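J.: Below are the sequence and a predicted model; questions follow.
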Amino acid sequence: TGTTAQFNTALSDGSFATLAGAETLTNKTLTSPVLNGTLTGTGLHFYTPEQYGCVGDDSTDDATNLQSAVTAATTAGKALLISQTHAIGSSISIPANEHIIFTESAHVRLTASGATQAFLVEGSNVYIENMRLKEPFPTEPGSLVSGTHYDTVASRTRGNNGLEVFQAIGTQIENLTLINPHVSGFGYASYWLEHLNNSRLIAPISNRVGKYGLIALSCTGLDIVAPNFDDHGPGQGGTGVLLNQYGIMFTRNAGDTLANAPVCKDCTVIGGKVNDVDSWEGLDTHGGDNIKFIGVTVTGVAFGGVATEADGASEKAPPSDVLFQGCHFTAGATIGSGAVIEGSDADNLANNVRFVDCVFDGFGGTANSVNRGAADIQTAISPRFENCRWLNSSFANVDLNGNVIGLELTGFEFGKVSAIGDSAFHIRADVATLQGVIHNGRADMGQPGNSFLRLSAASSPGYGLEVREHSIEFNHDETGYVIYHEPALAIT
């Protein structure tokens, strides 16, 4: 406001000042933005890293002293105010009931490649506002820095995480709140959250990360509001293909039992955007029960919205009750499917995965050397697409694999499929059981030789697919298209 606060005695390390009422403060002017002491009185009460010997010059290793400040603030029940730029050569442990506030220009930068994470949350009821965590990611997106900045195919040595919660079953952490966190430059994950319950991330930012923007493992009641995730680069490296980057992923540790590592449950992502996950998936749930993605814009990805299995060595965990609503998916340079619904096998079908009011733009390609439809449905029960639009697909708009039961495709708008001879709706040869209904939509047929519905092999007695032609508007610019491609499909 322009008001200058003055103190009768200069503040020094370990001292304090009390602000009371409208008392006039005279003498020395506090000109430094660093408050070397604890202010008490009318509601302002915090500790600072400088009280515990931190330098804050973004060069000196402040890890030990910053850890002392964190511990002391928690013990005293006070907030920790971080207003400088601190370099740390090792992880900082965040205990239960910690309250940390970063000022706008402050950050903590991890300088050691083997530290695993910058902040490790180890207790419940933690609140962090305006957190800024940094690590120097390789200069070039294609740089191969084995074991330092990202996962290597050969050794599986991973890079570092920004903020991490890493707990086992029975020791879940509750009530973590991150307000406006910004994590950048980490080689593995910006946010790694495992066994975390009833928590929220408000307006989280992730950029220039090696593999995961955010990965949640065995979490319940996690809300992510207005994420802004960008620049996921190179992912797995070494001598292998650069694959498997994820924007936001809900999953489990498939190497453990479902009892010890259950699927994520009752988690929601609302609004925001995920960009530049060009080699793999923007929004993903491996397994997952009641997972919702609402109004998220996803651009520059190989796969847009994915609900697939999270199987272990002997246990199956297909997704159940997953909703993508009002999301807009746009393909990147590597083109796969805008929507993926996939179970494990005939006894473990993906159950009730729905896409509502979504747009898929530019999908249907050969990501991972496999032809994929703009929507790829494999081994599922009750998959549903309602009021969705497919634009600029290069392969089939909807591609079926494995047994699909209870499919409903309604209110759809199919744009033209660019490849001659391909179809709007494709049924692969391995589909032995198919039941569902297609109705109330619009299809631009496009080129000669294209069809609305194409079957890759002879129809099966297990097919009970109803196509309500009278409720579908077929538009075409040229002659030669067909509604059903030979061999003829028996449709009820």
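T.: Thanks, I have it.

J.: separation between the nearest residue to Ile205 once chain neighbours are set aside and Gly326?
T.: Leaving out its chain neighbours, the residue that sits closest to Ile205 by C-beta to C-beta, 6 or more residues apart in numbering is His182, at 4.2 Å. Glycine gets a C-beta too; all of them are placed from N, C-alpha and C. When distances are taken as C-beta to C-beta, to the nearest Å, His182 and Gly326 turn out to be 26 Å apart.

J.: who's in contact with the residue most central in space within the chain?
T.: The C-alpha lying nearest the average C-alpha coordinate of the chain belongs to Ile248 (C-alpha atoms, centre = their mean; 0.8 Å). Shown in contact with Ile248 (C-beta atoms under 8 Å, 6 or more residues apart in numbering): Gly213, Leu214, Ile224, Pro227, Phe229, Val269, Val274, Gly282, Leu283, Asp284.

J.: And for the second one, the neighbour number?
T.: I take that to be Leu214. Residues within reach of Leu214, counting by other C-beta atoms under 10 Å, total 27.

J.: So Pro383 versus Ile405, what's the distance?
T.: For Pro383, the distance to Ile405 equals 9 Å [C-beta to C-beta].

J.: More neighbours: which of these two?
T.: Pro383 (30 against 18).

J.: Could you look up the SS state of the closest residue to that one other than its chain neighbours?
T.: Excluding the flanking residues, the one nearest Pro383 by C-beta to C-beta, 6+ apart is Ile341, at 4.9 Å. Applying DSSP: H, G, I helix; E, B strand; the rest coil to Ile341 yields a three-state assignment of strand.

J.: Quickly list what Val225 is bridged to.
T.: Assessed by DSSP bridges, Val225 has beta-bridge partners Ile202, Ile270.

J.: Equivalent analysis for Val353, please.
T.: Residues in a beta bridge with Val353, per DSSP bridges, are Val322.

J.: What is the burial count for it?
T.: When counting by other C-beta under 10 Å, one arrives at 32 neighbours for Val353.

J.: now swap in Gly362 and tell me
T.: Gly362 sits with 19 neighbouring residues when counted by other C-beta under 10 Å.

J.: ok, the nearest residue to it once chain neighbours are set aside - contacts?
T.: Sequence neighbours aside, Ala331 is the residue nearest to Gly362 in space, at 3.7 Å (criterion: C-beta to C-beta, 6+ apart). Applying C-beta under 8 Å, 6+ apart, one finds that Ala331 lies in contact with Gly300, Val301, Ala302, Gly304, Gly338, Asp361, Gly362, Phe363, Gly365.

J.: Ala331 bridge partners, please.
T.: When bridges are assigned using DSSP bridges, the partners listed for Ala331 are Val301.

J.: what bridges to His232?
T.: Val209.

J.: Equivalent analysis for Leu391, please.
T.: Asp361.

J.: Please apply the same query to Gln435.
T.: For Gln435, the residues forming beta bridges with it (DSSP bridges) are Gly464.

J.: For it, grab the count of nearby residues.
T.: Close neighbours of Gln435, defined as other C-beta under 10 Å, add up to 16.

J.: Check the one 3 residues further on too.
T.: Taking other C-beta under 10 Å as the criterion, the count of residues near Ile438 is 25.

J.: Now name the helix or strand holding it.
T.: With elements delineated by DSSP states H and E, Ile438 resides in strand 434-439, which encompasses its position.

J.: How is Glu50 assigned, secondary-structure-wise?
T.: What three-state DSSP gives for Glu50 is helix.

J.: ok, now which ones touch the residue nearest to Ile472 when sequence neighbours are not counted?
T.: Counting by C-beta to C-beta, 6+ apart, Ile472 lies nearest to Gly441, which is 5.2 Å off, once chain neighbours are set aside. By C-beta under 8 Å, 6+ apart, the contact list for Gly441 reads Leu409, Thr410, Gly411, Phe412, Glu413, Phe414, Ser471, Ile472, Glu473.

J.: give me that answer again for 7 Å
T.: For Gly441, the contact set (C-beta atoms under 7 Å, 6 or more residues apart in numbering) comprises Thr410, Gly411, Phe412, Glu413, Phe414, Ile472.
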